[in-house]
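Peer 1: sequence isn't available, so here's the structure alone:
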């Protein structure tokens, strides 16, 4: 096991180590007077908190407060008192050996929203503010702010998530928290669950939210009843930028390049490819007038120039206060990005074990090596991809003394154009070592050997448009109990003023894939035919291209055109009521209750066309690919049959009610508990084309799909309890624990027993209408330690017990296909360690230097169902196993960052290192009676460096270098039943360089 190796323990210990031996710090002091702004009188018994130190004092009858023995540094002060609005004073400087005076005036309010009330602390995206939010939150919370995101060079929410302890990203866009993939993670935008246009999962693609619209990224790792019930791994909340406190505008622009896309004429694209300025192409609709005729559309790749990589943004806003105390603010942002990626060193190999105990050999299909006529997939891959992303964010808010209402609108659009060329020549070399394609009579070129793993070209041209738009309306209303009483006790002495907050959102997501084109061809070289002497002398045949038909029945053509559209809407509403009160000892407590509703509808449509039953060929050399002339030849394109598309409409409705309370048992120990009642209903109605078929559960052959067949109507109600505690044994230490139950849901696709293929001849997926939701028991324990200003250390343990985890398995009917299945059980056990060290408080010469690090170690397991156990124990496989790791769970995650901020010169420097450990991508399987080992992604590291320099007031120059290590991103076959890892796939992403200017102007 990798979980607790000496190497991992050593690294974790270094990350968690507390620098108690740091040099002694000369202390300073803080003092001040708190006054009532309206009446200009002292405010006694006001709580003054130093956020970074978790120190609190009360003002005396004259409103005075004092903190002694405060180490030199920068702090955030929070002033709270019942009957007054919360006041925050940031960037308070304490100088060694000196006394700092900080006097403040606070405003009266009808009620107290003291720090015990559950709410988002509106202190921006500074690290100090987010640390305060972390220490005050009833759930285990990790956050990163706009400062850290900007310095790390993270371009979007997905890249920023990698900075969070215990977080990783799947496929570059889906959140994985503590080893649990997107199914177990609730991804939100300003607390609102967004729809998704992903065809295979109900997960929000985080790469569509650029960093320019993000204020902070908050990851809640434990469940509380006011969260959505599927936040098992955690809830990722992308907090959008809000109305600024000062009027101003910010402009940012940068240009860059990738080390693998430099140069002219060597970028992979295709005729008619590329993107327009706004990522919209209306000319890719189905050519209905040409159905039954040849299509002029390109089917193959060609070389071209890489686009320029650049991005820019402009944002601005301000706030105005009227005489009546009404504040109105606005904020707007526009962003634009043009990017590209390219690699020509890709490898995608398919292997299996065809003899129990034997070595890995290339996977063969459409025949066997014994037959002498078969195909293999040992592919060398070249790929070029270019993208355009743009969008806008607008916000407006109105605020009075006790009421706030706001409206936000976000629109993002992402267009991606990708050309892929996959070539198989190594298969021939495997079976005929030293193979010489130029020798017509050599091994592998004899007439009987030509079709043994022939050379092959597979080309894919894919253009997609993804867009998301969301309107988010929200409000917060505070009320008082003046004049109301319960018998002889005024309510205002027992209860604080209640707060009512609400959110209404209307969101939509669209995915448009117009004409994804796939073309396959095999190539046979010149071959010496022995003839029939003396009548027919020996002769050499001409090189020739033949169609590669991916389907075993050979009725499908070698050119495929697929149109796919997905549209999903989400209308969401949530209402929360919070009532502060004093418990029996007079300690601040609160009760909270609320309702939640999310109505999601989805429409899925796919139309597929091909040159069915086309057995033509083309005589030409390897360097003259058939794809170049195919559009000019006669290859009629039609719709199915034999291939039938099945569209569907789906609806998911989630309704919930919750109640919870936070009650301190004494000043150092408090409990937070409650429960959430959440109901789920999911319906799916199929709209098949004529002659469509489906696979009823247990069927080994397809059955005609009649109206109503294969439709899904699923519903379930869960009660989800949660209990947590927070204990502060000493002022600088906080211990938290949590026990909670959560769920994980199926997707539309997973419930439908319809044969689904992304493309003709591709992997087949068939849903399971009997699939059940998963139940999770979650256990968490965390210790936070703040030994000094700017210093923070944390250690966590977590354990998740999963009942009915949803995993994918291979099944066999007339063919092999993938289907989801509930495994009996699963678990994840892990530890997190985190440290942040600001050396400004250690020595004056180290001012501005800070180091942060975190490590997560995880061990996961799922128990296989009996059918899988029997399959792997069968005589043809002989690879017995009863459990395996959970897919998508890394064995470890490490992050280290070093930052230096030199205020006198305006220079900022940052180094960010991230590594993700071994991660299971797909479990072991059986195919055609052969054993396919598990596929793991090997450890992948990235190193980013950022530098910024202030040129003059408000204008900064910056440079970024990302992925400096440029590692090979690899997956390997791994099993106890093979001698060593065998390469499955590999490529490098290249090094990204960028430089630009950022200007900020205040009005």
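Peer 2: On my side now, so go ahead. What you see is a predicted model, and the numbers here were worked out from it, not measured in a lab. Residues are numbered from 1 along each chain as shown.
Peer 1: number of nearby residues for the nearest residue to residue 562 once chain neighbours are set aside?
Peer 2: Of all residues not flanking residue 562 in the chain, residue 516 sits nearest, at 4.5 Å (CB to CB, 6 or more residues apart in numbering). For every residue, glycine as well, the C-beta is placed using N, CA and C. Other residues near residue 516 come to 19 when the count uses other CB atoms under 10 Å.
Peer 1: again, but for residue 273
Peer 2: Residue 273 has 19 nearby residues by other CB under 10 Å.
Peer 1: begin at 811 from now on, thanks
Peer 2: Let's use 811 as the start, then, which means that last one is residue 1083.
Peer 1: next, it: phi, psi?
Peer 2: With angles defined as degrees, to the nearest 10, residue 1083 sits at phi -80, psi -180.
Peer 1: surely it is in contact with residue 1273?
Peer 2: Yes: using CB atoms under 8 Å, residue 1083 is in contact with residue 1273, at 7.4 Å.
Peer 1: next, show the common contact partners of the two.
Peer 2: residue 1227 (CB atoms under 8 Å, 6 or more residues apart in numbering).
Peer 1: so the residue nearest to residue 1372, which state does it fall into?
Peer 2: On the three-state scheme (DSSP: H, G, I helix; E, B strand; the rest coil), residue 1326 is labelled strand.
Peer 1: how about the helices in the stretch 1411-1560 of the chain?
Peer 2: Secondary structure of the stretch 1411-1560 of the chain by DSSP state H, counting those that start in this stretch: the helices cover 1558-1561.
Peer 1: all the strands of it, in order from the start?
Peer 2: Secondary structure of the stretch 1411-1560 of the chain, counting by DSSP state E, counting those that start in this stretch: strands at 1428-1429, 1448-1449, 1456-1476, 1479-1498, 1503-1504, 1513-1514, 1522-1540, 1543-1554.
Peer 1: what is the neighbour count of the nearest residue to residue 1512 once chain neighbours are set aside?
Peer 2: Distances taken as CB to CB, 6+ apart put residue 1503 closest to residue 1512, at 3.7 Å, once the chain neighbours are dropped. Using other CB under 10 Å, residue 1503 has 17 neighbouring residues.
Peer 1: again with residue 897
Peer 2: 18.
Peer 1: which of the helices and strands in the chain ranks last by mean pLDDT?
Peer 2: Using mean pLDDT, DSSP states H and E, helix 816-826 stands out as the lowest-scoring helix or strand of the chain, at a mean of 44.
Peer 1: so which elements touch the helix or strand just after that one?
Peer 2: Per DSSP states H and E, the first helix or strand lying C-terminal to helix 816-826 is strand 837-846. Counting contacts by 3 or more CB pairs under 8 Å, 6 or more residues apart in numbering; DSSP states H and E, strand 837-846 is packed against strand 857-860, strand 874-881, strand 883-890, strand 897-904, strand 909-911, strand 914-916.
Peer 1: the last one pairs with which strands?
Peer 2: According to DSSP bridges, the neighbouring strands of strand 914-916, each with its direction, are strand 837-846 (parallel).
Peer 1: among the helices and strands packed on strand 837-846, which comes closest to residue 1766?
Peer 2: Nearest to residue 1766, of all the helices and strands packed on strand 837-846, is strand 897-904, at 19.0 Å by CB to CB.
Peer 1: show residues contacting that closest one.
Peer 2: 838-840, 880-890, 910, 912, 914, 916-917, 931, 933, 936, 938-939, 1599.
Peer 1: what about the closest residue to residue 1226 other than its chain neighbours, how many neighbours?
Peer 2: Spatial nearest neighbour of residue 1226, chain neighbours left out: residue 1197 (4.6 Å); criterion: CB to CB, 6+ apart. Neighbourhood size, residue 1197 [other CB under 10 Å]: 20.
Peer 1: ok but residue 1197 is inside a helix, no?
Peer 2: No: according to three-state DSSP, residue 1197 belongs to no helix; its state is strand.
Peer 1: ok, it touching residue 1148?
Peer 2: Yes: if you go by CB under 8 Å, residue 1197 and residue 1148 touch, sitting 7.3 Å apart.
Peer 1: mind listing the shared neighbours of those two?
Peer 2: residue 1085.
Peer 1: what about the stretch 1561-1710 of the chain, any weak spots by pLDDT?
Peer 2: By pLDDT under 70, the weakly predicted segments of the stretch 1561-1710 of the chain are 1567-1572, 1622-1625.
Peer 1: and the helices in this protein?
Peer 2: 816-826, 937-946, 956-962, 967-971, 1236-1241, 1301-1304, 1558-1561, 1676-1683 (DSSP state H).
Peer 1: tell me the bridge partners for the closest residue in space to residue 1087 that isn't next to it in sequence.
Peer 2: Using CB to CB, 6+ apart and skipping residues adjacent in sequence, the residue nearest residue 1087 is residue 1198, 7.3 Å away. Counting by DSSP bridges, residue 1198 is bridged to residue 1148, residue 1225.
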